[in-house]
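S.K.: Give me a 3D structure for the following:
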Amino acid sequence: MRATTIFIAALLTACTKAPEPPPDSAALEFQKQLQTQLITAKPGDVITIPAGVHRINRGLSLNVSGVTIRGEGMDRSILSFRDQVQGAEGLLVNASDFTIEDLAIEDAAGDGLKVNEGRNIVIRRVRAEWTNGPDEKNGAYGIYPVQTTNLLLEECVAIGASDAGLYVGQSDNVIVRNNRAEFNVAGIEIENTRNADVYGNTATNNTGGILVFNMPDLPVPGHSTRVYGNTVVGNNTGNFGAEGTPVASVPAGSGIGGGSADAAAALRGLSRLWSLDLPPAEMAALALTLGADVPVCLDSRPVVMSGIGEVLEPVPALPPLWFVLVNPGVAVSTAQVFAGREGAFARVREPRLPPLALTALIDWLAARPNDLEAPARRLAPAVDGVLSALAEVPDCLLARMSGSGATCFGLFEDKAAARRAAEALALRNPDWWVVPALVRA
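M.R.: Below is the predicted model of the structure:
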């Protein structure tokens with residue numbers, strides 16, 4: 001195995017009295033040497049990136065298998081593509097038996113690191129970051145292995161991607177562990193991938209933490225993905241995904257029980273997987289230990305809630321009701337909303353259960369306010385705008401904030417009215433997340 005180290009021209013001449021070349025000249029010389037090493041690499045080569053910030057203005061690529069690219073640390077060996085004028089990625093790899101470790105890729109014009117159709121891939125301690133923070137103009141993916149087999153992605157960092165920080169697509173036999181993703185639209189995405197273990201990762205300050213899904217138009221569906229032992233907290237950054245991309249519809253801090261619904265689904269799934277057959281009361285008690293509104297998500301039907309959310313009274317029947325859900329693209333902290341609430345909670349009013357006729361049902365709901373709405377409005381004035389916009393839409397029967405915000409909803413009698421309202425709201429407010437939905441008992 002031959003090892004090749006790249007040195008900046010200025011360092012090679014530092015021991016002489018000759019003047020140092022200007023920074024641009026040094027950067028171009030480094031880039032030329034690195035491109036040459038990648039083009040002429042042979043299996044078994046180790047290309048070493050020395051410490052320093054190395055400015056690259058064109059995308060790099062490697063098409064030879066059996067090569068290792070190694071730096072001196074993700075905060076010491078930095079490939080900066082801030083001035084990139086050519087190339088869709090920072091570094092594109094079309095090779096197998098490839099390892100890259102201990103370096104950073106910053107401010108690429110497109111994806112930071114893309115590895116395509118390789119086997120036996122190791123990506124370790126690589127940082128992919130857009131240093132200007134969340135921005136729709138940032139590249140889509142930080143670290144992006146796709147159509148790979150036998151992939152290890154560990155101890156990496158991804159920051160500022162306008163789609164996903166760490167994305168694994170259409171791959172088989174994958175380990176994603178001990179990574180950190182923050183200030184991306186999606187922290188970690190596992191798409192159409194088979195036999196993946198995702199554990200020990202931290203996803204925080206993204207719009208969405210960890211997403212696992214199948215896209216319908218791809219030839220092979222994913223399955224057998226295990227997600228466990230991760231820290232997924234505070235993913236309330238506003239969505240800055242490019243319009244038209246799948247993640248552009250992911251709302252931040254929505255207040256519609258997304259995390260609680262996931263927890264309830266996990267409980268049901270594990271109960272079936274392990275054939276526990278627990279009584280409903282025992283399952284509800286277990287759900288309550290995870291969160292106050294997990295029991296209602298576990299029940300998955302319209303109920304009247306009281307207490308802290310653990311007392312559930314099923315509603316015998318409801319007329320079909322159409323909702324329009326609207327999130328203004330802002331996150332509201334549940335803890336801050338509760339801390340900002342003043343006075344006692346409203347008392348439960350009689351009759352406790354709602355009437356079945358639509359007009360009477362709307363009147364019943366209108367007489368029962370959301371006690372968290374006032375503090376949420378103070379924290380996020382955008383909630384006011386959403387509620388006003390919903391109330392002004394023709395045929396809206398009731399406009400109300402959901403949970404602790406910032407998502408709000410309007411009620412409509414039928415599908416046509418809800419769709420007209422959703423289309424009008426989305427047209428006037430293209431940055432809002434607007435979705436019509438049907439609920440029935």
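S.K.: My understanding was that Asn235 contacts Leu211; is that so?
M.R.: No: Asn235 lies out of contact with Leu211 (Cβ atoms under 8 Å); the separation is 10.5 Å. No exception for glycine: its C-beta is placed from N, CA and C like everyone else's.
S.K.: and the two? which has more neighbours close in?
M.R.: Residue environment comparison for Asn235 versus Leu211 gives the larger neighbour count to Asn235, 26 against 20, counting by other Cβ atoms under 10 Å.
S.K.: can you give me the strands for the stretch 251-400 of the chain?
M.R.: Listed in chain order, the strands of the stretch 251-400 of the chain (DSSP state E, counting those that start in this stretch) span residues 303-306, 311-314, 321-327, 398-401.
S.K.: most tightly surrounded among these?
M.R.: For the strands of the stretch 251-400 of the chain, ranked by mean neighbour count under the definition mean count of other Cβ atoms under 10 Å, the leader is strand 321-327 at a mean of 23.
S.K.: quick one: strands adjacent to that one?
M.R.: When sheet partners are counted by DSSP bridges, strand 321-327 sits next to strand 408-412 (antiparallel), strand 433-439 (antiparallel).
S.K.: And the next helix or strand past the top helix by length along the chain?
M.R.: Ranked by number of residues, the top helix in the chain under DSSP state H is helix 23-40. Per DSSP states H and E, the first helix or strand lying C-terminal to helix 23-40 is strand 46-48.
S.K.: export the strands of the stretch 251-400 of the chain to JSON lines and tack on mean pLDDT and distance to Asp107?
M.R.: Shown next, in JSON lines, are the strands of the stretch 251-400 of the chain (pLDDT from 0 to 100; distance: least, Cβ to Cβ, whole Å):
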{"stretch": "strand 303-306", "mean pLDDT": "77", "distance to Asp107": "48"}
{"stretch": "strand 311-314", "mean pLDDT": "81", "distance to Asp107": "51"}
{"stretch": "strand 321-327", "mean pLDDT": "89", "distance to Asp107": "30"}
{"stretch": "strand 398-401", "mean pLDDT": "92", "distance to Asp107": "39"}
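S.K.: Provide a list of residues in contact with the nearest residue to Lys42 once chain neighbours are set aside.
M.R.: Residue nearest to Lys42 in three dimensions, not counting chain neighbours: Val64, with 6.7 Å by Cβ to Cβ, 6 or more residues apart in numbering. With Cβ atoms under 8 Å, 6 or more residues apart in numbering as the criterion, the residues that contact Val64 are Ala41, Lys42, Pro43, Asp45, Ala95.
S.K.: got a list of what the last one touches?
M.R.: Taking Cβ under 8 Å, 6+ apart, we find Ala95 in contact with Leu62, Asn63, Val64, Ser65, Gly66, Val67, Gly118.
S.K.: Quick one: buried ones out of those?
M.R.: For these, a neighbour count by 16 or more other Cβ atoms under 10 Å gives the buried set as Leu62, Val64, Ser65, Gly66, Val67, Gly118.
S.K.: where do the helices sit along the stretch 201-350 of the chain?
M.R.: Listed in chain order, the helices of the stretch 201-350 of the chain (DSSP state H, counting those that start in this stretch) span 258-273, 280-288, 294-299, 334-339.
S.K.: just checking, what packs against the second one?
M.R.: The helices and strands touching helix 280-288, judged by 3 or more Cβ pairs under 8 Å, 6 or more residues apart in numbering; DSSP states H and E, are helix 258-273, helix 294-299.
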